[in-house]
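Asker: okay, sequence plus prediction incoming.
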Amino acid sequence: MAKMMGPRFKQSRRLGLNVCGHPKAMDRATRGTSRADKKLTEYGRQLLEKQRLRAYYGVMEKQFSKYVRIAKKSEEQTGHALIKILETRLDNLVYRLGFASSIRQARQMVVHGHILVNGRKVDIPSYIVEIGDTIELKGKSKDIEIFKENFNNFFLNQYPYLEKDENKMSGTLVRYPERNEIPIEIEDQLVVEYYSRLM
């Protein structure tokens, strides 16, 4: 299974945005280390935003372009529809609910079979979660200390579209997120413009 690897902090500095979510990711960032510090053409700005969004969710190009095609068919604004698809991926919601401290860790948890969706094991990180679906840790996984610590960390649970049950160590997608509720600093319209050249 293809996945985005490489140094996360270095990638964040190059893209000029903390795409890995670690508080120290941008500590060594100085003026000139980011592509955004250079004078970019319109195409360059579009490409940079696309790379930032892909890196944020850890999605490979082939799958990302597939999501763009799906979003284009939506009745919603294409950029908002695209981010909604990315946001409802299982690995991302495992991260948002606080089971993991990063999307990479969340992806690993899913692949290793620690996560149940509606009581059924799902080991596909790109699985799209529907409204009303409940995500929880598998029985034995609830005893793993790092997962318990992550889940009980309050600051990771500030999303109005998710409902968290601390006793059952589970969370439910109660509705689709609005664009302003998703905490990513991306100009999604530039991403759409980038792909409009190719599709």
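Answerer: Yep, it's here. Note that the structure is predicted; figures quoted are calculated from it, not measured.

Asker: next, name the residue at the spatial heart of the chain.
Answerer: Centroid check for the chain by Cα atoms, centre = their mean gives residue 57 as the closest residue, at 3.5 Å.

Asker: tally of neighbours for the closest residue to it other than its chain neighbours?
Answerer: Spatially, and ignoring its direct neighbours in sequence, residue 57 is nearest to residue 86 (4.7 Å; Cβ to Cβ, 6 or more residues apart in numbering). C-beta here means a position set from N, CA and C on the backbone, and glycine is covered the same way. By other Cβ atoms under 10 Å, the residues close to residue 86 number 22.

Asker: cool, and residue 152?
Answerer: 12.

Asker: now do the contacts for it.
Answerer: If a contact means Cβ atoms under 8 Å, 6 or more residues apart in numbering, then residue 152 has 98, 166 as its contacts.

Asker: likewise for residue 108?
Answerer: residue 100.

Asker: residue 125 now?
Answerer: Here residue 125 is in contact with 89-91, 106-107, 110-111 (Cβ under 8 Å, 6+ apart).

Asker: in three-state terms, how would it be classified?
Answerer: At residue 125 the chain is in coil, as set by DSSP: H, G, I helix; E, B strand; the rest coil.

Asker: that one - nearest residue in space that isn't next to it in sequence?
Answerer: Closest to residue 125 by Cβ to Cβ, 6+ apart is residue 91, at 3.8 Å.
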